[in-house]
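1. structure for this input, please:
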Amino acid sequence: MEAARVPAHVELKHPPVRFSPHQKQVFFDGQHVLFVHQGKVSKLSVTSRLEEPINIKAGGVGLLDNGPSIIAAKLSLDQKYFALQRSPTQIEFISVAVGVGSGPAGVAFVLNCQKSAAGTRILGFHWTFIDNFFLVTDVGIEFYQFPTAGKRPELKLLKHLKHSLDFFVYSPRHRLVLLACGARDGTSILGYHFSQNNCLRIPKFVIERGTDTGRDPLRPGELVIAQLYGKLFCLHLHQKKQQVALYQLTKEVIIHRLTIKLPCDTPPDGLASLFVHTVDNLLLIHHSYAKVTLLYDIKDRDCSVPVASALPMAVGTGTQFDADLDAGYDQEQNGLVHLYSTSWDIQMPNFILDRVQGCFWEVGLNLESLALSFPSKKKLVEFLLRRARSKPLLLQVLRTVITECESLAAIADIFDMLNNVLGSSLPSLQRAGESLDSPSLPLSMSIGAVSPLSQANASRLSLRSPGAGTDEWSSGSSSDDGNNLAVSSPRLPRSNGQQLVPMSPTKLSPDGYVIVTQEDMYTHVLLPVEEEKGLDYKYVVAVLTEYTRSLNFHHVKVDTFLYELLINFLVRNGRFYQLHQMLQYHVVSDSVHVACQLLSLETSYPPSYQLALDMLKRLHTNDQIVEVLLTKNQIVSALRFIRNHKDIKVSPYVTRFLEASCSLSGASDWPGFSQPQSAMDQVQSISPSLFYTVFKFFEERNELS
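-> All right, here's what the predicted structure looks like:
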């Protein structure tokens, strides 16, 4: 039978961690997979996926294979002790690092539980901190202080919390334990949150079973601790009623947030068929009887409805899925991977330990497949904004929305969603010392590089700050000396024939939403759209304008390169009148960058010169206005402007004004003031009117020295 690939929303990431099948001495402590075999112990980190041996002290190696089989095993947080449980009442601690512990035969010490009554048994144990350890028995919690290096290897009992309980669940990541205690009408849940050498009790709450057959106590596996959008929940998996209840946990109160009723058939005899994972703030409910996985997002308006159709999970790259056998075929190992197997040991938040097949899997999402399940692009963008690793796909979807000419109303809603996240994240990022501005690229990039105008009137213009005899409008190549004013904003290269700036690292808002910056939108969405052929220019202008409107509405300062993109697009399509209106009604905000870009358009659209001067005037950049007037040889106008604005420093301009007046009067050169006698001789040979006016203007201000 030829295996057929079936699309899946949830995948087992390939390759898994492999070990000998049917090996029972495999344990998971929340951070490592521990393997015990023939007196040797090895660990595998779930983050690095690298297996490393654990160096047990020589005397302790023989203890691993001698005696009863190991019930549970864990590694201390500082990885100096290996703890194992063989009996219902005792835990052995074996030294890992040489020099730690001094017990006989390599055993640092042995811990016996506090026997409050006959038949007391240990249900489990965990480290909370390097020097804190607790174990749970059927009569309560024993909280110990663990010995540190250099101290006598013995445990100090800090607290003994007595409770009659059936089972417990613990989250190592959140250091939270929940105890299931029997009650008449349901099950009482007690919780403790561990801190350094202390534990805090959270409010008690009751999970109502609601069955008609009398008391139906909770069973191990029906309670799960999960985190969604930064909030802690206790999940109750009701196997008979095929539903999952979410209880939000806080220090003050426990809230029943939601009950999800699954649209699946009930298995015969009430067999356990539900198990859950959390991936990227999505709740994944696996139904082993129906062999499908349902995804729920608690931030959806109707969060009791799956975000997509129920489909079976599959195995990731390197495997194929056989729909008839409900299994994935691993081509590398030449064998079937049985999905939804009863041998699966579910580990939170998204791991599966399969001792029968010898695999440790990580569960992940296939966002590309999920995106195909959304008929509405608006809902798809809203969904992707909540996924931490969705940024590349999100930008691709945004580009597709525009190129497929979605309605402007829909695009406006999408932009508002993006910029609402961006605007609300600015204060927190500023407090953290981060910035959402575009990178500081060289400012000497010419306007001609971003404008479709001819080289004669749009290339290599650079505006410099005033300085003695060296600062001017130049038509040659501008030097990248760091002193140039911003003629054009930091521009990102175009995609045609040039390498695009790589995508900026993903940043998340305090609520866990993906932040799409203006740089991301420009580089990966708006610039490719602007270069797209066949799109109506009116539609593209409307999209660009709508994006800037949305930024302003959410109090985000619009970066100048977005205005440049809009201006260039209007110029390329010859829409000068529309550009004029946008400038007059301040659709395009004032900036020196935009003003310089308008100056470069004077040949194609003469009114842009006056528009640029008006913009510089509103920006109170008087020095730049003098520079512009000098460049246009409007000497008298420049002098009048200086006379009316007392704040302008005149001294840097004296030589340049005199040289310009000589040039306009017919002289080939103005030697300056270093040789006053020869200068006065040359004055006799030129027309005195313009030069005399300039000379007297600066003489009256004592600037000729």
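2. my guess is Lys115 contacts Pro88, does it?
-> No: applying C-beta atoms under 8 Å, one finds Lys115 not in contact with Pro88, separated by 10.8 Å. (Each C-beta comes from the backbone N, C-alpha and C, glycine too.)
3. for the stretch 401-550 of the chain, which segments count as helices?
-> Taking DSSP state H, counting those that start in this stretch as the test, the helices found in the stretch 401-550 of the chain are 408-431, 455-458, 518-521, 527-531, 537-553.
4. deepest of those helices, which one?
-> Highest mean neighbour count among the helices of the stretch 401-550 of the chain (mean count of other C-beta atoms under 10 Å): helix 518-521, with a mean of 22.
5. on that earlier part again, and the helices of the stretch 401-550 of the chain, which one's lowest on average pLDDT?
-> Ranked by mean pLDDT, those end with helix 455-458 at the bottom, a mean of 32.
6. what's the pLDDT at Ser376?
-> 90.
7. and it, its phi and psi?
-> Phi and psi for Ser376, reported as degrees, to the nearest 10, are phi -100, psi 120.
8. quick revisit: out of the helices of the stretch 401-550 of the chain, nearest to Ser164?
-> helix 408-431 (45.4 Å; C-beta to C-beta).
9. rewinding a little: could you dump the helices of the stretch 401-550 of the chain into TSV and include distance to Gly358?
-> Below are the helices of the stretch 401-550 of the chain laid out as TSV (distance: least, C-beta to C-beta, whole Å):
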stretch	distance to Gly358
helix 408-431	43
helix 455-458	67
helix 518-521	43
helix 527-531	47
helix 537-553	52
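10. what about the ones you listed, which gets the closest to Asn198?
-> helix 408-431 (29.8 Å).
11. picking up where we left off before, who wins for proximity to Pro606 among the helices of the stretch 401-550 of the chain?
-> Judged by C-beta to C-beta, the one of those that comes nearest to Pro606 is helix 455-458, at 11.1 Å.
12. how much space between the residue nearest to Ile402 when sequence neighbours are not counted and Lys391?
-> Distances taken as C-beta to C-beta, 6 or more residues apart in numbering place Val529 nearest to Ile402, at 4.9 Å, with adjacent residues excluded. The gap separating Val529 from Lys391 is 18 Å, by C-beta to C-beta, to the nearest Å.
13. quick one on the thing from earlier: quick one: closest of the helices of the stretch 401-550 of the chain to Leu34.
-> Between Leu34 and the helices of the stretch 401-550 of the chain, the tightest spacing by C-beta to C-beta is seen for helix 408-431, at 38.9 Å.
14. how far off helix 537-553 does the closest one point, in degrees?
-> Counting by axes from the mean of the first three to the mean of the last three C-alpha atoms, to 10 degrees, helix 408-431 lies at 40 degrees to helix 537-553.
15. sorry, back to before: OK, contacts around the residue nearest to Ile402?
-> Arg399, Ile402, Thr403, Leu535, Val540, Val543 (C-beta atoms under 8 Å, 6 or more residues apart in numbering).
16. which parts of the helix or strand harbouring Leu179 are buried?
-> In this assignment (DSSP states H and E), Leu179 forms part of strand 176-182. Of all the residues in strand 176-182, those buried under the rule 16 or more other C-beta atoms under 10 Å are Leu176, Val177, Leu178, Leu179, Ala180, Cys181.
17. do the same with stretch 580-598
-> 582-583, 587-588, 590-598.
18. end to end, how far does it reach?
-> Using C-alpha to C-alpha, to the nearest Å, the gap from the first to the last residue of stretch 580-598 comes to 10 Å.
19. what about that stretch, distance to the chain center?
-> Distance, stretch centre to chain centre, for stretch 580-598: 34 Å (C-alpha atoms, centre = their mean, to the nearest Å).
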